[in-house]
Each structure stands twice: as C-alpha cells, then as structure tokens.
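Chemist: coords below, sequence missing:
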C-alpha cells in the first residue's frame with residue numbers, strides 16, 4: 001500500500017479555505033482567504049494579535065511529508081514583529097520575511113506514523129511598535145502545500 005494524503009480538516013471554518021488533492025494522493029494544497037493576524041494603531045489592546053489554526057490531515061499508510069507554508073508579513077515601525085510559528089507532528093516551523101511586504105516560504109519535514117495522521121498547528125503573531133503611534137504589523141498565510149516525501153533509498157551491497 002502506497003502512502004497517500006487523503007483529506008484535510010480544520011478546527012476553524014472561518015479561515016476562508018479551499019483545497020485540492022492530486023489523484024495519486026501525493027500532494028495536498030490548501031489556499032486561505034482569511035488566515036491572518038493584524039496589530040494596528042487603532043487597537044485598544046496592547047497584547048500581540050494572534051490567530052490560530054489547527055489542521056488534521058488523514059493519511060493512508062505511514063511515511064514522511066514535506067509541509068510548506070507560504071505567506072507574507074508587513075511591518076510599519078522599527079520595533080514591531082510579525083511571525084508565523086508552526087508545528088507538524090511536533091516538528092517546529094518558523095516563518096517571517098526578511099523584508100517587510102515580501103513573501104516567505106518555510107518548509108518542515110515530518111513523520112506520519114501508523115495512525116495515519118498529520119497534525120499541523122499554526123500560530124500567527126503580530127505586534128505593532130507600541131512606541132510609534134503610526135505603526136502596524138501583520139502576517140498572513142496564503143497557502144499550505146503538503147507533499148509525500150520520497151522514502152529512504154534501499155542500500156545496495158556489492
């Protein structure tokens with residue numbers, strides 16, 4: 001039985017997502033309209049803005065996957081921040097752009113065991129520069145691509 005990605009589900013259906021899966025179950029892609037975190041000068045709360053997404057990918061079989069998260073950040077002010085933190089079956093992923101407004105892509109590989117589940121957790125954090133009244137911070141995730149990674153090559157002895 002070949003290792004395949006079967007389906008994906010989210011704990012929050014307000015993220016504006018749509019997805020597609022290849023016929024062979026080797027690639028699963030999800031696009032988002034509303035997976036974002038924003039901290040703006042008009043915000044009353046000084047705590048960082050955050051958005052969380054919990055994802056469950058059901059798989060058939062076991063193996064390894066590569067999870068790529070794509071998005072962008074935007075910062076106005078010198079001391080704000082915008083990050084996407086994530087975990088794929090316990091393996092950590094951290095994403096941010098080097099330049100405000102530029103896109104990012106971060107990848108992590110993760111094992112899928114005999115249970116056949118890949119659990120993804122994403123946390124988007126944005127905090128504007130509290131010393132600058134005109135500051136703002138935002139980060140968003142546009143897409144997640146999950147690809148079955150090739151298995152280890154058999155070693156041939158001569």
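Modeler: Received it, and whenever you're ready, just let me know what you need. Because the structure is predicted, anything quoted here is derived from the model rather than measured.

Chemist: CA atoms for contacts and neighbours, from now on please.
Modeler: Noted.

Chemist: Contacts for the worst-scoring helix or strand of the chain on mean pLDDT, please.
Modeler: Using mean pLDDT, DSSP states H and E, the weakest-scoring helix or strand in the chain turns out to be strand 91-95, at a mean of 90. With Cα atoms under 8 Å, 6 or more residues apart in numbering as the test, strand 91-95 has contacts from 83-87, 104-110.

Chemist: Check stretch 22-40 too.
Modeler: Residues contacting stretch 22-40 (Cα under 8 Å, 6+ apart): 3-6, 14-21, 48-51, 124-128, 135-148.

Chemist: Narrow those to those in strands?
Modeler: Using DSSP state E, the subset of the contacts of stretch 22-40 located in strands is 4-6, 17-21, 49-51, 124-127, 136-148.

Chemist: hey, what's residue 104 bridged with?
Modeler: For residue 104, the beta-bridge partners under DSSP bridges are residue 71.

Chemist: quick one, what contacts it?
Modeler: So residue 104 contacts 70-73, 95-97 (Cα under 8 Å, 6+ apart).

Chemist: Poorly predicted segments of the protein, please.
Modeler: Applying pLDDT under 70 to the chain flags residues 1, 151-158.

Chemist: Centre-most residue in it?
Modeler: For the chain, the residue nearest the mean C-alpha position is residue 69 (4.2 Å; Cα atoms, centre = their mean).

Chemist: Quickly note the distance from that residue to residue 128.
Modeler: Residue 69 is 23 Å from residue 128, where distance means Cα to Cα, to the nearest Å.
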